[in-house]
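Participant: below is the sequence, then the predicted model.
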Amino acid sequence: MADQAKRRAPQHLIDERGIALLKRLLPENWVVREYRPDYGLDFAVEVFEDASAQYPQTLGEHFFIQLKSAESPSVGNLNLHRRGNVEKGREQLDDEPSTSIEVYSLSLETSELVTVERMGVGLPVLLVIADLSREKCIFVCLNDYVDKILVPRFDDYRDAKSRTIHLPASNDISTTVGQIALRWYAKRSKLFSAFQRFTYQNSELNWAEHGDWRSLAEHFAQKIVRYDFWDDVEMCPIIGHYRDGLRRFIETGQPGLLERSIPLVDIKTFEGELDDHLRKVDVFLLWNGLSVLPKNYEDVWREWFLPTDLGQAMSSPPEER
């Protein structure tokens, strides 16, 4: 009728409640910025220091969110199968499932997935379902989902107008593990930059193996010790292992990794050429280990929190693995 005014659709109210729920469940000192116009990215999130600080500082860490709100979204079970390394070939699943997990399922237009794939993997885009009835926000990293599930699973996932995305129900941002996951994703661009430098330094150090390698290593150490993520990666203990070795190298001249990896080796008991060789091996072990971190990230860590057998096995807290 001509005398009727504009009306609010029920989904608009649901969307507003979903936004309010998301903001309430995220740490209160993080900044959530709305993206308008929206081309698949609804919010940009900037991570700040712990709220216990009087004036929390920005960490320079960011991720995007694509938010889908529902009054009572469906939850079901998904069988997971062991599979090979999908970076080395197409997905090949074992015949029998290894486990089953509870998941939320959502159909996304392929155009949204292509947009995320075009962004690359350096800045994560999290798909978040705001479950209003259960007051939960469940997430999955879309960049990794496309790269680790859709691309190796289908001849071309773009052949269909939409694809079903499964979000593990355990990926709940209101939990401690969930917020650790968000912090981990937010650090991705920092870690990628560091990994590039580690690989470069390791290569250059090996080129200098028969020259003044120690001066070069000392210079490299002073460059990378400045990264501010070293003390904020409790979710990935191996990074802390190399952080400790790096700091020992700066303080004492030796990272001490050789003695820790081979307990019977005590560099201090050797003299002469053997002593010099072991000290050199000890330092080179540090940079070799740092240069392997990108491989670990690609093979394993990017599957964390995905609905895959490896992802679920490795997403639990370190003490539970």
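Facilitator: Perfect, thanks for sending it.

Participant: low pLDDT regions in the stretch 51-200 of the chain?
Facilitator: Along the stretch 51-200 of the chain, no part satisfies pLDDT under 70.

Participant: what are the boundaries of the helices in it?
Facilitator: 110-118, 142-145, 151-153, 176-186, 188-207 (DSSP state H, counting those that start in this stretch).

Participant: make CSV from these and add distance to Val32 and mean neighbour count to it.
Facilitator: The C-beta positions use only the backbone N, C-alpha and C, and glycine is treated the same way. What follows is these, written out as CSV (distance: least, C-beta to C-beta, whole Å; neighbours: other C-beta atoms under 10 Å):
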stretch, distance to Val32, mean neighbour count
helix 110-118, 19, 17
helix 142-145, 18, 24
helix 151-153, 30, 16
helix 176-186, 12, 19
helix 188-207, 18, 16
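
Participant: out of those, which gets nearest to Gly84?
Facilitator: Among the helices of the stretch 51-200 of the chain, the nearest to Gly84 by C-beta to C-beta is helix 151-153 (9.5 Å).

Participant: reformat the helices of the stretch 51-200 of the chain as TSV; add distance to Glu46.
Facilitator: Formatted as TSV, the helices of the stretch 51-200 of the chain follow (distance: least, C-beta to C-beta, whole Å):
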stretch	distance to Glu46
helix 110-118	20
helix 142-145	18
helix 151-153	29
helix 176-186	8
helix 188-207	12
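
Participant: nearest to Glu96, out of the ones you listed?
Facilitator: helix 151-153 (18.1 Å).

Participant: picking up where we left off before, of all the helices of the stretch 51-200 of the chain, which lies closest to Arg33?
Facilitator: Closest to Arg33 of these, according to C-beta to C-beta: helix 176-186, at 13.9 Å.

Participant: okay, buried residues for the longest helix along the chain please.
Facilitator: Longest helix of the chain, by residue count under DSSP state H: helix 272-299. Going by neighbour count (16 or more other C-beta atoms under 10 Å), the buried part of helix 272-299 is 278-279, 282-287, 289-294, 297-298.

Participant: cool, stretch 28-48 as well?
Facilitator: 30, 40-43, 45, 47-48.

Participant: most widely separated two among the residues you listed?
Facilitator: Gly40 and Phe48 (25.3 Å).

Participant: closest to Arg83 out of the helices of the stretch 51-200 of the chain?
Facilitator: helix 151-153 (8.5 Å).

Participant: how about low-confidence regions in the stretch 201-321 of the chain?
Facilitator: Answering for the stretch 201-321 of the chain: the residues below the bar, that is pLDDT under 70, span 260-274, 316-321.

Participant: try 80
Facilitator: 259-275, 315-321 (pLDDT under 80).

Participant: return the subset of the buried residues of stretch 28-48 lying in strands.
Facilitator: 43, 45, 47-48 (DSSP state E).

Participant: strands paired with the top strand by length along the chain, and their directions?
Facilitator: Longest strand of the chain, by residue count under DSSP E: strand 58-70. Partner strands for strand 58-70, per DSSP bridges, with pairing direction: strand 43-48 (antiparallel), strand 125-131 (parallel).

Participant: mind giving me the domain ranges of the chain?
Facilitator: According to automatic domain parsing, the chain comprises the domains 10-186, 189-299.

Participant: so for Leu310, which of those domains sits nearest?
Facilitator: domain 10-186 (7.7 Å).

Participant: what's the span of that closest one from first residue to last?
Facilitator: End-to-end distance for domain 10-186, by C-alpha to C-alpha, to the nearest Å: 33 Å.

Participant: now do it: distance to the chain's middle.
Facilitator: Its chain's average C-alpha position is 12 Å from that of domain 10-186, according to C-alpha atoms, centre = their mean, to the nearest Å.

Participant: next: stretch 234-242.
Facilitator: Relative to its chain's centre, stretch 234-242 lies at 13 Å (C-alpha atoms, centre = their mean).

Participant: nearest to Leu13 among the strands paired with strand 58-70 would be which one?
Facilitator: strand 125-131 (12.5 Å).

Participant: okay, the angle between the closest one and helix 110-118?
Facilitator: 140 degrees (axes from the mean of the first three to the mean of the last three C-alpha atoms, to 10 degrees).

Participant: buried ones in strand 125-131?
Facilitator: Here strand 125-131 shows 125-131 as buried, counting by 16+ other C-beta under 10 Å.

Participant: including distance to Ser98, could those residues go into CSV?
Facilitator: Shown next, in CSV, are these (distance: C-beta to C-beta, whole Å):
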residue, distance to Ser98
Val125, 28
Leu126, 26
Leu127, 24
Val128, 27
Ile129, 25
Ala130, 30
Asp131, 27
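
Participant: ok, so of those, who is nearest Tyr200?
Facilitator: Scanning the buried residues of strand 125-131 for proximity to Tyr200, where the rule is C-beta to C-beta, the winner is Val125, at 27.8 Å.

Participant: is that closest one in a bridge, and if so with what?
Facilitator: Phe64.

Participant: now for it: which residues touch it?
Facilitator: 40-41, 63-66, 116, 119, 141-143 (C-beta atoms under 8 Å, 6 or more residues apart in numbering).
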